[in-house]
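Peer 1: Quick check, what structure comes out for this input:
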Amino acid sequence: RAVVVGVDRVELVAGLEALAGGVSCSGVVRSGAVGLVGGVGPVLVFPGQGSQWVGMGAGLLEVSPVFAARVGECERALAPFVDWSLMDVLRGVEGVGDLGRVDVVQPVLWAVMVSLAAVWAGYGVRPAAVVGHSQGEIAA
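Peer 2: The predicted model follows:
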């Protein structure tokens with residue numbers, strides 16, 4: 001386990017580089033894992049409604065093929081039940097799917113959460129457990 005702290009991007013990047021290189025750095029705090037479920041692996045915690053913002057995930061659609069592919073799967077799964085495009089909502093296209101509407105925000109949050117989990121899995125992160133609060137329980 002590690003935490004990187006810094007006051008600006010330069011310090012944060014230096015801390016990440018030190019962490020990746022296994023060297024000491026004042027901006028890096030390290031600790032061993034304690035009390036993990038089953039003794040091994042991380043736990044993914046999915047948030048409830050209210051964690052959304054316009055444009056969430058839009059950047060990942062462009063830079064993460066894993067995220068974009070899973071969002072595409074979610075969009076196809078949702079299509080028969082909604083009158084808006086998941087991709088357009090995530091990109092913040094004006095007039096498409098208002099995140100203030102519960103019938104929009106809940107499926108969008110689900111799609112973002114499961115797509116983020118796919119990104120973690122793509123990096124080899126296999127959770128020992130998943131938990132969620134409210135809306136996050138569906139993704140979990």
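
Peer 1: With adjacent residues omitted, what lies nearest to Val43?
Peer 2: Ala129 (4.8 Å; Cβ to Cβ, 6 or more residues apart in numbering). All C-beta spots, glycine's among them, are computed from the backbone N, C-alpha and C.

Peer 1: Can you mark which positions in the longest helix along the chain are buried?
Peer 2: Assignment by DSSP state H gives helix 102-122 as the longest helix of the chain. The neighbour-count criterion (16 or more other Cβ atoms under 10 Å) identifies 104-119 as the buried residues of helix 102-122.

Peer 1: do stretch 6-16 as well
Peer 2: Result for stretch 6-16 [16+ other Cβ under 10 Å]: buried residues 6, 14-16.

Peer 1: which residue ranges form the strands in this structure?
Peer 2: 2-4, 28-30, 43-46, 129-132 (DSSP state E).

Peer 1: Please identify the pairing partners of the last one and their relative orientation?
Peer 2: Its sheet considered, strand 129-132 pairs with strand 43-46 (parallel) by DSSP bridges.

Peer 1: do you know how far the residue nearest the centre of the chain is from Asp83?
Peer 2: Nearest to the mean C-alpha position of the chain, by Cα atoms, centre = their mean, lies Leu116 at 3.8 Å. Distance from Leu116 to Asp83, counting by Cβ to Cβ, to the nearest Å: 25 Å.

Peer 1: just Asp103 next, same as before
Peer 2: For Asp103 relative to Asp83 (Cβ to Cβ), the value is 10 Å.

Peer 1: give me the low-pLDDT residue ranges for this protein?
Peer 2: 32-40, 50-54 (pLDDT under 70).

Peer 1: where do the helices sit along it?
Peer 2: Going by DSSP H, the chain shows helices at 9-21, 58-63, 65-78, 86-91, 102-122, 136-139.
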